[in-house]
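>>> Sequence plus the predicted model coming up.
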Amino acid sequence: MGRQIGDYSLNHLKEYQPKLIHKPVDFQVFWEGQKKKISNIQPNVTVVWKDYVIPTMEVADLVFESWDGTPLKGWAIKPKGVERCPVILNIHGYTGSRGLPLDYLKWISMGIAVYAFDVRAQGSSPDYAKYNNGSRSLGWMLNGIHDPDNYYYTNVLKDLLFQLEWINSPQALFNPTKLGVVGSSQGGGLALAIAGLDRRIELVVSDYPFLANFERALEVSLAGPYMEFINYFKYTDPQYDTYETLMNTLGHIDCVHFCESINCPTLMSIGLEDSVTPPSTVFAAYNHLRTKSKEIEVYPQYAHEVNPFHEEKKLAFVRKYWS
């Protein structure tokens, strides 16, 4: 079915379940420790309700001070007059942002509220973390790469855990009756990771997830953020002397390593012409999911891009499990 652009055939993809050779032996202990570090910190959240143009939506402009004081911009959006409803945490893609409230109208029309925050250092939000190495590559993939405890995406996942604690607290702006997480690319990978870390997540929608199966991604990816690592090796470590050190750090945040802990309904998608998040890396995550309630939609001629045909399938999937 369709063309194959630099990756396995679809039949091979359906069976591709790589061994987790770089999943750290201390993986569970590491993440329990990260959770403990933020467990006694209370977030400071500034809330400004907007007079929004669509009268059926209530919109709050948020500044969420994360565990290290980094102020993350966010939205809280809900159907007008509703205080208890299903809630989605939306996570944006690499170099993206929380977007505009209008972007979430489809969820509001289904009676679902949304929280959407900038990922630290992206959108309009800073990053207060200090990293011990520089980089000749644009982007954030190498920030703290030699230290799993203070790696950029370790900090991002701690932000998400911290946000979930607030979303489930009495201090939140509305009461979630169900809780799901949705994202594409970077957001798709983080959605899988956070669902593996927090059992309160009851549904996942992950489109062409990034941060997956790094071993394979560094071999076949031709564009996008994985290339930051290719340039790192080319210009900083041309004989790959630090490869295992990098893979140890990445092993702590590779979303494939969280998939074995996901038991909730999960929908994924991939285009077979995606050279940014190659199909094999996405199927690696899908095939490691523990949940039996999982689906993956394959689009032969789509690349790393928004797919309007898939949007309705996402709505149908959520309605199937949350109706």
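Thanks, I have it. Numbering: from 1, shown residues only.
>>> Verify the contact between residue 294 and residue 263 for me.
No - using C-beta atoms under 8 Å, residue 294 makes no contact with residue 263, being 10.2 Å away. All C-beta spots, glycine's among them, are computed from the backbone N, C-alpha and C.
>>> quick one: pLDDT of the spatially closest residue to residue 207 that is not a sequence neighbour?
Excluding the flanking residues, the one nearest residue 207 by C-beta to C-beta, 6 or more residues apart in numbering is residue 184, at 3.9 Å. The per-residue pLDDT reported for residue 184 equals 98.
>>> Same question for residue 1.
Note on residue 1: pLDDT of 51.
>>> With the one 4 residues further on instead?
Predicted confidence (pLDDT) at residue 5: the value is 63.
>>> how about low-confidence regions in this structure?
Counting by pLDDT under 70, the ranges of the chain that qualify are 1-5.
>>> SS state for the residue most central in space within it?
Against the mean C-alpha coordinate of the chain, by C-alpha atoms, centre = their mean, the closest residue is residue 190 at 2.0 Å. Secondary structure, DSSP: H, G, I helix; E, B strand; the rest coil: residue 190 is helix.
>>> May I ask you to confirm that it is in contact with residue 196?
No - counting by C-beta under 8 Å, residue 190 sits too far from residue 196 to count as a contact (10.7 Å).
>>> Between the two, which contacts overlap?
Listed as contacting both residue 190 and residue 196 by C-beta atoms under 8 Å, 6 or more residues apart in numbering are residue 255.
>>> Name the residues of the one helix or strand residue 219 maps to that are buried.
For residue 219, the element it lies in under DSSP states H and E is helix 214-220. Across helix 214-220, burial judged by 16 or more other C-beta atoms under 10 Å covers 214-218.
>>> just checking, next helix/strand downstream of that helix?
Next helix or strand after helix 214-220 toward the C-terminus (DSSP H and E): helix 227-235.
>>> Send over that next one as PDB, restricted to the C-alpha atoms.
Coordinates of each C-alpha in helix 227-235 appear next as PDB, following Å, rounded to 0.1, in the frame of the first residue of the first chain:
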ATOM      1  CA  MET A 227      19.500  16.100  12.700                       C
ATOM      2  CA  GLU A 228      20.700  18.200  15.700                       C
ATOM      3  CA  PHE A 229      22.400  14.900  16.900                       C
ATOM      4  CA  ILE A 230      23.800  14.200  13.400                       C
ATOM      5  CA  ASN A 231      25.400  17.600  13.400                       C
ATOM      6  CA  TYR A 232      26.600  17.200  16.900                       C
ATOM      7  CA  PHE A 233      28.500  14.000  15.900                       C
ATOM      8  CA  LYS A 234      29.700  15.600  12.600                       C
ATOM      9  CA  TYR A 235      31.100  18.700  14.200                       C
END
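>>> Beyond that helix, next helix or strand please.
That would be, after helix 227-235 and using DSSP H and E, helix 243-251.
>>> Could you check the angle that following helix makes with helix 227-235?
Put simply, helix 243-251 runs at 170 degrees to helix 227-235, going by axes from the mean of the first three to the mean of the last three C-alpha atoms, to 10 degrees.
>>> neighbouring contacts of the helix holding residue 219?
6-7, 18, 21-22, 226, 229-230, 247, 250-251, 254, 277-278, 280-281, 284.
>>> Report the buried members of the residues you listed.
Burial by neighbour count, judged by 16+ other C-beta under 10 Å, picks out 7, 22, 226, 229, 247, 250-251, 254, 277-278, 280-281, 284 from those.
>>> separation between the residue lying closest to residue 120 once chain neighbours are set aside and residue 265?
With C-beta to C-beta, 6+ apart as the criterion, residue 120 has its nearest non-adjacent residue at 4.4 Å, and that residue is residue 127. Between residue 127 and residue 265 the distance is 33 Å, computed by C-beta to C-beta, to the nearest Å.
>>> now swap in residue 323 and tell me
As for residue 323, its distance to residue 265 is 12 Å (criterion: C-beta to C-beta).
>>> more crowded one of these two?
Neighbour totals were compared for residue 323 and residue 265, and residue 265 leads with 20 against 6 (other C-beta atoms under 10 Å).
>>> how many neighbours does residue 131 have?
Residues near residue 131, counting by other C-beta under 10 Å: 18.
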